[in-house]
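# Kindly generate the corresponding structure for this input.
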Amino acid sequence: MIIDSIILIILLVCFITDIKSRKIYNVVLLPGLILSLASNVYLDGWQGLGSSLLGLLVGMAILFIPFAMGGMGAGDVKLLGLIGAWKGVFFVLTTALYMALVGGLLAILVILFQKGAKERLRGIMYFFIFLFQGKIRTDFIKTKVSQITYPYGVAIVIGAICTIYIPL
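Purely as a prediction, here's the structure:
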């Protein structure tokens, strides 16, 4: 119970900073990581440390490719890794599932409600029309329109909270 409380505090801070400044700060993540490793060692010894490190690696691996392709910030990758370090592999995988669902919903909302929605929807429609014809064309999607971003840390935080309160 106390571990969930600590995680919720860290998640809340990351949620706020990601919305306000589009950053998830190492000054929050690094002490959280040290505390997670120490608490897992204290609770379960070397096995706890191994579980914590494996959760960290799995969490970071989930978002490494989107990060490497420039679609995600390093703070997002480290935040998901930190969640894995606290709660382990199964928890971080479940969080990733919820995160993907929430992230997809947020992306749809951004597409629909940010300026230029009509142009984006038209581009998506043309993409699928060409796709069903066996062609892949994206030249009708303007670069400015296709580079709209949103703070993905929000989806990570909501995914972790869902995992805490709605476990699979």
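
# now whichever helix in the chain runs longest, how far from the centre of its chain.
As assigned by DSSP state H, the longest helix anywhere in the chain is helix 26-68. Between the centre of helix 26-68 and the centre of its host chain there is 15 Å, according to Cα atoms, centre = their mean, to the nearest Å.

# avg pLDDT for it?
For helix 26-68, mean pLDDT rounds to 96.

# what's it packed up against?
In this structure, helix 26-68 makes packing contacts with helix 2-21, helix 74-87, helix 89-113, judged by 3 or more Cβ pairs under 8 Å, 6 or more residues apart in numbering; DSSP states H and E. Just so you know, the C-beta spots here come from the backbone N, C-alpha and C atoms, and that holds for glycine as well.

# of all those helices, which lies closest to residue 62?
helix 89-113 (5.0 Å; Cβ to Cβ).

# buried set for that closest one?
91, 92, 93, 94, 95, 96, 98, 99, 102, 103, 106, 111 (16 or more other Cβ atoms under 10 Å).

# Just put these in a markdown table and tack on pLDDT and distance to residue 166.
Converted to a markdown table, the buried residues of helix 89-113 look like this (pLDDT from 0 to 100; distance: Cβ to Cβ, whole Å):
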| residue | pLDDT | distance to residue 166 |
| --- | --- | --- |
| 91 | 96 | 12 |
| 92 | 98 | 15 |
| 93 | 97 | 15 |
| 94 | 97 | 9 |
| 95 | 97 | 11 |
| 96 | 97 | 14 |
| 98 | 97 | 8 |
| 99 | 97 | 13 |
| 102 | 97 | 12 |
| 103 | 95 | 17 |
| 106 | 92 | 18 |
| 111 | 77 | 26 |
